[in-house]
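K.L.:
What follows is a protein structure lacking sequence information:
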């Protein structure tokens, strides 16, 4: 697939990017090589290949959510500059 300079300019416009004519020429060549490589990959026969979500065989290690060491509010708020019951007390920022 051959990409044109007009297509590069259109994509740049959509992405709100500005390129000099030299940069457009470089990008046109680079994008063209990328698309040629993808075209080469599309020619491979992948009919007998299973889709992969990850290269390595990973299993999620789910565990039950449970509190193991519940902290005490007094310990957590010991260094608080101000507190109200079991909460940090902070200055009001919204009126």
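P.N.:
The structure has been received and is ready for your questions. Please read these numbers as outputs of a predicted model, since none were measured by experiment. Numbering: from 1, shown residues only.

K.L.:
which residues does residue 9 contact?
P.N.:
Shown here is residue 9, whose contacts under the criterion C-beta atoms under 8 Å, 6 or more residues apart in numbering are residue 24. (Glycine included, C-beta is placed from N, CA and C.)

K.L.:
In three-state terms, label it for me.
P.N.:
Under the three-state scheme (DSSP: H, G, I helix; E, B strand; the rest coil), residue 9 adopts helix.

K.L.:
Equivalent analysis for residue 51, please.
P.N.:
Under the three-state scheme (three-state DSSP), the conformation of residue 51 reads as coil.

K.L.:
Residue 5 versus that one, what's the distance?
P.N.:
36 Å (C-beta to C-beta, to the nearest Å).

K.L.:
likewise residue 69?
P.N.:
Following C-beta to C-beta, the distance that separates residue 69 from residue 5 is 64 Å.

K.L.:
Between the two, which is the more surrounded one?
P.N.:
When residue 69 and residue 5 are compared on other C-beta atoms under 10 Å, the one with more neighbours turns out to be residue 5, at 12 against 4.

K.L.:
Setting the sequence-adjacent residues aside, check what's closest to the more buried one.
P.N.:
Nearest-residue entry for residue 5: residue 28, 5.1 Å, with adjacent residues in sequence omitted and distances by C-beta to C-beta, 6 or more residues apart in numbering.

K.L.:
Would you list the phi and psi of the nearest residue to residue 86 once chain neighbours are set aside?
P.N.:
On the basis of C-beta to C-beta, 6+ apart, the spatially nearest residue to residue 86 that is not a chain neighbour turns out to be residue 73, at 4.0 Å. Note on residue 73: backbone dihedrals following degrees, to the nearest 10 are phi -60, psi -30.

K.L.:
shouldn't residue 73 be in contact with residue 80?
P.N.:
No. Counting by C-beta atoms under 8 Å, residue 80 is not a contact partner of residue 73; they are 10.1 Å apart.

K.L.:
neighbours around residue 52, how many?
P.N.:
8.
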